[in-house]
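My questions are about this predicted structure, shown below with the sequence.
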Amino acid sequence: MKFTRTFSRLIIPGCLLMLALASVGCKQKAEDDPCDKIGCCGHGTCSAASGSARCTCEDGYQVSTDGLRCLPPDPGLCAGQTCSEHGCCELENGNPICICDPDFRVDPDDPLKLTCIEKVCLRMGEKCSDSSECCDNDCLKYTGQKEGYCTRRNCKTNEDCTNRSKDGKEMCCIDVGGEYFICMKLGSGCFCGNQTGSCGASCTCQNDSACSPGFSCLRGSDEDSGAICTKPCLTDQDCRDCRNVQDPNMLYICQPIFGGETYCLAAEQPTCEWSGDCGGNDVCIAYPTADEKSLEGRCNQLGGLPTGTECDDGANPNQLPFEERCADFYCMRGFCSEVCQLDTDCPEHMFCGEVRFRMDDAGDVSAAIGMCQGGTFCTSGADCEGQDVCQVAQISVDDLVGMCGQHDGLLEVGEACDDSTSPYDLPPDQACRGFYCMFGNCTEVCVEDSDCVNAGRCCSVTFGGMGETGNDTASIGLCRWSPGSGQQCAGNDDCPAHETCQYCVKEGESIDKFCQAENCDVANSKCDPPGTDGCGDDGANACWGDLCLVTMNSSFCSSLCDSNDDCPGTMSCGLMGVTDTQTTGVCTP
């Protein structure tokens with residue numbers, strides 16, 4: 001998990017409100033080109049033959065009867081959706097939306113996103129996803145959001161910022177510093193401020209129009225009741241001029257927010273181990289320490305939902321209004337969370353489990369902290385209700401368990417999947433409901449073979465990123481499906497033609513060796529037999545049997561064995577560690 005709590009500001013140096021400025025040029029097609037305006041739903045290419053257009057679709061899609069669209073074989077919730085005859089329906093996070101044809105766009109006034117209208121430039125304040133859609137070529141977006149609103153740079157007065165959308169919000173011409181002016185929206189029902197607020201002043205509802213030029217309105221949303229004007233800083237000395245009108249004695253210090261930046265914030269955020277250490281409506285919230293390398297609890301309130309309240313853990317908290325956001329910001333497994341030390345620090349229906357966060361964009365630094373979480377423990381899918389899957393969950397720096405839940409994916413346990421791509425990068429119709437794709441099939445937690453559907457095997461799988469430093473490992477049973485005879489083997493010679501000997505670590509760390517259909521044909525020039533060197537090099541061929549062993553100075557294709565007789569040519573049978581205490585035989589040069 002990565003820290004994603006953001007506070008909106010403009011992207012003048014170091015800001016998290018993103019102003020898209022890029023313009024997009026369009027290649028003009030000949031007027032008589034029959035492929036003009038044929039997009040093939042974004043899943044194919046259009047070609048013209050004898051004056052007629054026809055789509056050639058990518059794998060997994062089929063051409064429509066009119067030849068002008070590429071459609072999935074099973075429309076699902078898209079059945080009957082026509083997109084106003086100017087687009088194609090697809091599933092996004094399980095919901096149907098329209099992908100519109102060229103020169104058409106999704107109607108911003110359609111909350112279901114199932115209507116395509118003719119593309120014209122969008123006016124001030126109307127929803128946009130790219131600057132090229134706006135009449136003034138500027139689309140202002142919050143970090144992490146796909147949509148924002150059209151704005152204008154270099155405005156002179158508020159009259160230059162008339163909101164043409166139907167959301168009823170006022171827009172103001174705001175000096176954001178450095179003689180940089182831009183039209184920005186306010187909260188609902190508010191009027192433009194006079195830009196006199198300095199560090200510590202409230203900017204609730206009026207947002208950046210309340211803050212002096214060069215200051216930012218630090219807020220969780222446009223409706224955040226705790227929004228304040230602040231400024232970037234390097235040391236506490238930079239914050240000495242910050243004053244809160246309602247509490248002149250409040251101390252402001254230079255504190256890190258997420259993304260590695262530091263801003264002047266109120267020092268009234270005492271450290272805590274659980275919310276019992278905090279007063280009023282404050283809860284114990286996970287914050288990065290000053291060195292951005294570890295986490296600590298601090299008392300604060302970032303939303304209106306108390307700990308233990310049901311919440312949508314798939315929603316982006318940055319996009320939620322204050323009253324719909326968890327007080328500690330985070331929704332863990334369907335319930336609002338908070339920092340904890342023990343299960344007794346949490347509501348009765350929650351437990352205290354450690355959560356690891358990535359502390360930088362590259363993922364090189366991580367840290368863990370205890371947080372209250374909801375959910376149902378499981379040892380197999382039989383323990384879960386409805387469409388929930390028994391997923392892998394980390395509940396401490398050392399422990400992995402099964403928890404009932406589901407990812408955004410639509411593929412069921414046991415279905416074929418792409419194990420070479422991150423689940424986060426796959427569309428829902430290609431991703432697993434249980435998140436993990438192992439050995440080419442969607443998997444879930446198990447203890448024994450009988451827990452796995454369709455005659456699957458329960459094999460122990462090792463995960464990294466564990467321990468206090470994130471450099472340790474932990475194992476848990478996951479279902480695996482293996483095409484082939486499945487008969488027992490010591491080495492490849494014990495298996496039928498076109499099968500290889502594979503292994504599975506069972507409960508108790510025993511080793512189960514079995515025959516499985518070959519991963520590639522050794523007769524193919526791109527499939528190397530055991531004993532071939534260099535399998536770990538970039539661009540190397542696959543090993544027959546999919547076992548490439550890498551040493552300090554070399555790499556080579558190998559195979560399983562019990563004795564030297566199981567190894568080809570001059571290779572001999574050595575030992576390879578597969579768990580902390582268990583080994584299996586492998587052929588070595």
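Everything's here; your move.

now the strands for the stretch 401-550 of the chain?
437-438, 441-442, 457-466, 472-480, 499-505, 511-517, 527-528, 542-543, 548-550 (DSSP state E, counting those that start in this stretch).

Pick the most deeply packed of those.
strand 441-442 (a mean of 25; mean count of other CB atoms under 10 Å). C-beta here means a position set from N, CA and C on the backbone, and glycine is covered the same way.

Can I get the strands of the stretch 401-550 of the chain in CSV including mean pLDDT and distance to residue 134?
Output for those, formatted as CSV (pLDDT from 0 to 100; distance: least, CB to CB, whole Å):
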stretch, mean pLDDT, distance to residue 134
strand 437-438, 90, 39
strand 441-442, 94, 41
strand 457-466, 88, 42
strand 472-480, 91, 48
strand 499-505, 94, 56
strand 511-517, 94, 54
strand 527-528, 94, 53
strand 542-543, 94, 49
strand 548-550, 93, 51
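
Can you give me the domain boundaries for the protein?
Per automatic domain parsing, the domain ranges recorded for the chain read 40-101, 377-480, 520-588.

Format those as TSV; extra columns: distance to residue 330.
Output for the domains of the chain, formatted as TSV (distance: least, CB to CB, whole Å):
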stretch	distance to residue 330
domain 40-101	19
domain 377-480	15
domain 520-588	33
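
ok, and which of the ones you listed has the densest surroundings?
domain 377-480 (a mean of 18).

And stretch 368-376, what's buried?
368, 369, 370, 371, 372, 373, 374, 375 (16 or more other CB atoms under 10 Å).

wouldn't the fifth one be in contact with residue 337 here?
Yes: because the distance of 4.9 Å satisfies CB atoms under 8 Å, residue 372 is recorded as touching residue 337.

Quick check: which of the strands of the stretch 401-550 of the chain is nearest to residue 229?
Ranking those by proximity to residue 229 (CB to CB) places strand 457-466 first, at 39.1 Å.

Look up how far residue 140 lies from residue 148.
5 Å (CB to CB, to the nearest Å).

between those two, who's got more neighbours?
In this view residue 148 and residue 140 are compared by other CB atoms under 10 Å, and residue 140 has more residues nearby, 25 against 22.

What's the per-residue pLDDT of that one here?
pLDDT for residue 140: 89.

Need phi/psi at it.
Main-chain dihedrals, residue 140, degrees, to the nearest 10: phi -100, psi 120.

Looks like it contacts residue 152 (just checking).
No: applying CB under 8 Å, one finds residue 140 not in contact with residue 152, separated by 9.7 Å.

what touches both of these two?
The contact sets of residue 140 and residue 152 overlap at residue 182 (CB atoms under 8 Å, 6 or more residues apart in numbering).

still on that earlier bit, which pair of the buried residues of stretch 368-376 spans the longest distance?
The farthest-apart pair in the buried residues of stretch 368-376, when distances are taken by CB to CB, is 368 and 374, at 18.6 Å.

Low-confidence ranges, the chain, go.
Within the chain, the stretches with pLDDT under 70 are 1-32, 143-144, 178, 247-249, 257-260, 268, 290, 360-363.

So which residue is dead centre in it?
Geometric centre of the chain, nearest residue: residue 424, 5.3 Å, by CA atoms, centre = their mean.

distance of it from residue 67?
34 Å.

Now distance to residue 250 and secondary structure too, for the buried residues of stretch 368-376, in TSV please.
Below are the buried residues of stretch 368-376 laid out as TSV (distance: CB to CB, whole Å; DSSP: H, G, I helix; E, B strand; the rest coil):
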residue	distance to residue 250	secondary structure
368	32	strand
369	27	strand
370	30	strand
371	28	strand
372	29	strand
373	33	strand
374	35	coil
375	39	coil
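
Quick check: of those, which lies closest to residue 491?
For the buried residues of stretch 368-376, the residue nearest residue 491 by CB to CB is residue 368; the value is 42.0 Å.

what's across from the closest one in the sheet?
Applying DSSP bridges to residue 368 yields these beta-bridge partners: residue 356.

My understanding was that it contacts residue 354; is that so?
Yes: counting by CB under 8 Å, residue 354 is a contact partner of residue 368 at 4.7 Å.

shared neighbours, the two?
Here residue 368 and residue 354 have residue 397 as joint contacts, going by CB under 8 Å, 6+ apart.

got the contact list for the closest residue to residue 549 other than its chain neighbours?
In space, and not counting its chain neighbours, residue 549 is closest to residue 558: 4.8 Å by CB to CB, 6 or more residues apart in numbering. Shown in contact with residue 558 (CB under 8 Å, 6+ apart): 530, 543, 545, 547, 548, 549, 571, 586, 587, 588.

Residue 574 too?
So residue 574 contacts 585, 586, 587, 588 (CB under 8 Å, 6+ apart).

nearest to residue 432, of those?
Looking across the contacts of residue 574 and measuring by CB to CB, the closest to residue 432 is residue 586, at 30.1 Å.

And residue 525, how far from residue 542?
Taken as CB to CB, the span from residue 525 to residue 542 is 11 Å.

for the stretch 201-350 of the chain, what spans make up the strands?
216-218, 228-230, 252-256, 262-266, 271-272, 283-288, 295-300, 331-332, 335-336.

For residue 435, which of the ones you listed is the nearest?
Per CB to CB, nearest to residue 435 of the strands of the stretch 201-350 of the chain: strand 331-332, 15.7 Å.

Adjacent strands (with direction) for that closest one?
strand 335-336 (antiparallel).

Off-centre distance for stretch 419-428?
10 Å (CA atoms, centre = their mean, to the nearest Å).

Output it as CSV, restricted to C-alpha atoms.
Output of stretch 419-428 as CSV, limited to C-alpha atoms (Å, rounded to 0.1, in the frame of the first residue of the first chain):
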residue,chain,number,x,y,z
ASP,A,419,0.5,-14.1,-14.4
SER,A,420,3.1,-11.9,-16.2
THR,A,421,1.3,-8.6,-15.6
SER,A,422,0.5,-6.8,-12.4
PRO,A,423,-3.2,-7.2,-11.4
TYR,A,424,-3.4,-3.4,-11.0
ASP,A,425,-2.5,-3.0,-14.7
LEU,A,426,-5.2,-5.4,-16.0
PRO,A,427,-8.8,-4.4,-17.0
PRO,A,428,-11.4,-6.1,-14.8
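
Tell me who's in contact with the closest residue to residue 403 other than its chain neighbours.
When the adjacent residues along the chain are set aside, residue 403 lies closest to residue 393, with 3.9 Å between them (CB to CB, 6+ apart). Listed by CB under 8 Å, 6+ apart, the contact partners of residue 393 are 353, 375, 400, 401, 402, 403, 405.

The fourth one contacts residue 373, correct?
No: with contact defined as CB under 8 Å, residue 401 does not count as touching residue 373 (11.1 Å).

what residues are shared contacts of the two?
With CB under 8 Å, 6+ apart as the test, residue 401 and residue 373 both reach residue 395.

can you tell me how far the closest residue to residue 379 other than its chain neighbours sits from residue 381?
Nearest non-adjacent residue to residue 379, counting by CB to CB, 6+ apart: residue 447, 5.0 Å away. Separation of residue 447 from residue 381 (CB to CB): 11 Å.

picking up where we left off before, okay, the contacts of residue 393 in a markdown table with distance to residue 87 next?
Below are the contacts of residue 393 laid out as a markdown table (distance: CB to CB, whole Å):
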| residue | distance to residue 87 |
| --- | --- |
| 353 | 43 |
| 375 | 38 |
| 400 | 43 |
| 401 | 44 |
| 402 | 41 |
| 403 | 38 |
| 405 | 33 |
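
Would you mind measuring from residue 554 to residue 589?
9 Å.

what about the strands in the stretch 1-150 of the chain?
17-20, 44-49, 52-57, 62-63, 70-71, 87-92, 95-100, 104-106, 116-118, 127-128, 139-142, 148-150.

partners of the fifth one, with directions?
Right, the one you point to is strand 70-71. Short version: by DSSP bridges, strand 70-71 pairs with strand 62-63 (antiparallel).

just the third one next, same as before
In the sheet, strand 52-57 lines up against strand 44-49 (antiparallel) (DSSP bridges).

what does the partner strand contact?
By CB under 8 Å, 6+ apart, strand 44-49 touches 33-35, 38-40, 53-58, 61, 63, 68, 70.
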